[in-house]
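Novice: Following is a predicted model, sequence given first.
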Amino acid sequence: MTDPLFASCPDRHGTGSEKWDRWPGRDVLPVWVADMDFRTDPAVLAALHARVDHGVFGYTADPPGFAPSLAEHLLRRHRFAIDPGHVLGITGVVSGLAVTARLLAAPDDEIISFTPVYPPFLNLPGAAGRRLTRVPLVAAGDGWVIDHDALAAAVTPRSRMLWLCHPHNPTGTVFSAVDLLRIADLAERHGITVVSDEIWSDLLLDDDHGGPCHVPFASLDHPAARRAITLVAPSKTWNIAGLCCAAAIVPDAGQRRRWRAAGGGLLPMVNSLGYAAAEAAWLEGDPWRRRLVALLREHRRLVVETVAGIPGLASIPPQATYLAWIDCRATGFADPQAACEAAGLGPSDGRDFGAPGFIRLNMACPTDRLEEALRRLRRAFAGDRHSPSA
Ligand SMILES: Cc1ncc(COP(=O)(O)O)c(C=O)c1O
């Protein structure tokens, strides 16, 4: 039976929801952008109500409880001990990545990323006048793996940074300590700084029953880890992306001092409600998070079963995130995204992640809605076979 916490959710049409207002006037069920349809944790809502009742919303720097609440959370969840003095409140992980491109690389320097990947990893280096080096992940049986030889071969004297998406979006891969140590060795050999986007690290789907655990890159006992920058946020796990509050953990004092200047005047302060929500999520949000993960695990099962029953589709089950990365290349449809939209389903288009022929499906919705989404997925690829190039 569906957990009553996640059985229903508010109607977001006409609220400016990026997810729900994408196909106005059309019956397209949105399963694209990575936010969930659920109301956030009641503990987070209570903190927001209390902050609203305070009534004053002036310019706000990191409140005294912000960094300690993050430190407590990381230690409890991931055995990752940080110095709260290294934490900078930022408006989002994406803006944090954009800052590192300017802070740690010069024009035409290279930033390495594993692909396919969340679109800003592909677009931000060029937007900053830096170069992107793509190293494809490899589908191997039941997991996506790093080709360490390809990674080593991709390094040049201009390689300055490796942007790790850990866990990885869109494949839902959780990188092991062994992989991370190999990356750390390479980074140390070549003077590369690892910037690790760990926004998904609280949504591992099996870590509570013996499955892979999240190992923060910067928690490794390795010199490259000690100078790595970690980006985290409560936004994915507690569904508060619109509150725009994230954190950069920057061990180097000089980099922390230069951080804001690297933003070139384009970095607004974090809003006071975002801080209130983040602190509550990190300090009080674990019971709600666990219930969410149990539901997502069940949803992953539904998606895996459905995909397995549709000829031409394939998907390696995600170890983390609420995103299913589906390979549609063997269906014969030239444009799988268009086929889905024609069947009333709105996933993310793999082209945006550097992978034409794939779609990404967001499973974070009530179960009956996911079942409807999966019916539409079936209709898109197993239904009308008369228009295979739709
Ligand atoms: C890997 C990854 N990083 C960053 C973000 C967005 O972060 P923010 O909203 O804090 O900029 C997302 C959103 O889906 C993501 O998947």
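Specialist: Great, that's in hand. Residues are numbered from 1 along each chain as shown.

Novice: Near the residue of the stretch 51-200 of the chain found nearest the ligand, how many residues? Count them for me, please.
Specialist: Per Cβ to the nearest ligand atom, residue 92 is where the stretch 51-200 of the chain lies closest to the ligand, at 2.8 Å. The C-beta positions use only the backbone N, C-alpha and C, and glycine is treated the same way. Using other Cβ atoms under 10 Å as the criterion, residue 92 is surrounded by 19 other residues.

Novice: Next: residue 108.
Specialist: Quick note: residue 108 (other Cβ under 10 Å) scores 9 neighbours.

Novice: The one helix or strand residue 378 maps to: how far from the chain's middle?
Specialist: Assigned by DSSP states H and E, residue 378 falls within helix 367-378. Between the centre of helix 367-378 and the centre of its chain there are 23 Å (Cα atoms, centre = their mean, to the nearest Å).

Novice: Need the contact partners of the helix or strand hosting residue 299.
Specialist: Using DSSP H and E, residue 299 falls within helix 286-308. For helix 286-308, the external contacting residues (Cβ atoms under 8 Å, 6 or more residues apart in numbering) are 2-3, 5-6, 38, 41-43, 76-77, 202-206, 208, 237-238, 313-315, 317-318, 322, 324, 326, 361, 363-364, 367, 370-371, 374, 377-378.

Novice: what secondary structure does the closest residue to residue 119 other than its chain neighbours sit in?
Specialist: Ranked by Cβ to Cβ, 6 or more residues apart in numbering and with sequence neighbours excluded, the top spatial neighbour of residue 119 is residue 352, at 4.8 Å. Of the three states, residue 352 takes helix under DSSP: H, G, I helix; E, B strand; the rest coil.

Novice: Next: residue 162.
Specialist: Applying three-state DSSP: residue 162 is strand.

Novice: pretty sure it is in contact with residue 112, am I right?
Specialist: Yes - the criterion here is Cβ atoms under 8 Å, and residue 162 meets it with residue 112 at 4.5 Å.

Novice: Pull up the overlap in contacts between those two.
Specialist: Common contacts of residue 162 and residue 112, defined by Cβ under 8 Å, 6+ apart, comprise residue 192.

Novice: related to what we said a few turns ago, the residue of the stretch 51-200 of the chain closest to the ligand contacts residue 244, correct?
Specialist: Yes - if you go by Cβ under 8 Å, residue 92 and residue 244 touch, sitting 5.8 Å apart.

Novice: How about residue 33, nearest residue that isn't a chain neighbour?
Specialist: Nearest non-adjacent residue to residue 33 (Cβ to Cβ, 6+ apart): residue 19, at 4.8 Å.

Novice: For the residue in the stretch 251-390 of the chain positioned nearest to the ligand, give me its contacts.
Specialist: Nearest residue of the stretch 251-390 of the chain to the ligand (Cβ to the nearest ligand atom) works out as residue 321 at 7.6 Å. Residue 321 makes contact with 34, 167, 169-170, 172, 200, 203, 236 under the criterion Cβ under 8 Å, 6+ apart.

Novice: before we move on, what about residue 215?
Specialist: Residue 215 neighbours (Cβ under 8 Å, 6+ apart): 78, 175-177, 180.

Novice: do the same with residue 180
Specialist: 166, 215, 217, 220 are the contacts of residue 180 under Cβ under 8 Å, 6+ apart.

Novice: Out of the residues you listed, the closest to the ligand would be?
Specialist: Nearest to the ligand, judged by Cβ to the nearest ligand atom, of these is residue 166 at 8.7 Å.

Novice: Can you tell me how far the closest one is from residue 50?
Specialist: For residue 166, the distance to residue 50 equals 33 Å [Cβ to Cβ, to the nearest Å].

Novice: out of the two, which sits in the more crowded spot?
Specialist: For residue 166 versus residue 50, neighbours defined as other Cβ under 10 Å are more numerous around residue 166 (26 against 11).

Novice: my guess is residue 107 meets residue 129, correct?
Specialist: Yes - contact criterion Cβ under 8 Å: residue 107 and residue 129 qualify, at 4.4 Å.

Novice: quick one on the thing from earlier: name the residues of the helix holding residue 299 that are buried.
Specialist: 286, 288-289, 292-293, 295-300, 302-303, 306-307 (16 or more other Cβ atoms under 10 Å).

Novice: Name the residues of the chain found near the ligand, please.
Specialist: With Cβ under 6 Å from any ligand atom as the criterion, the chain meets the ligand at residues 34, 92-94, 118, 165, 169, 197, 199, 233, 235, 241, 246.
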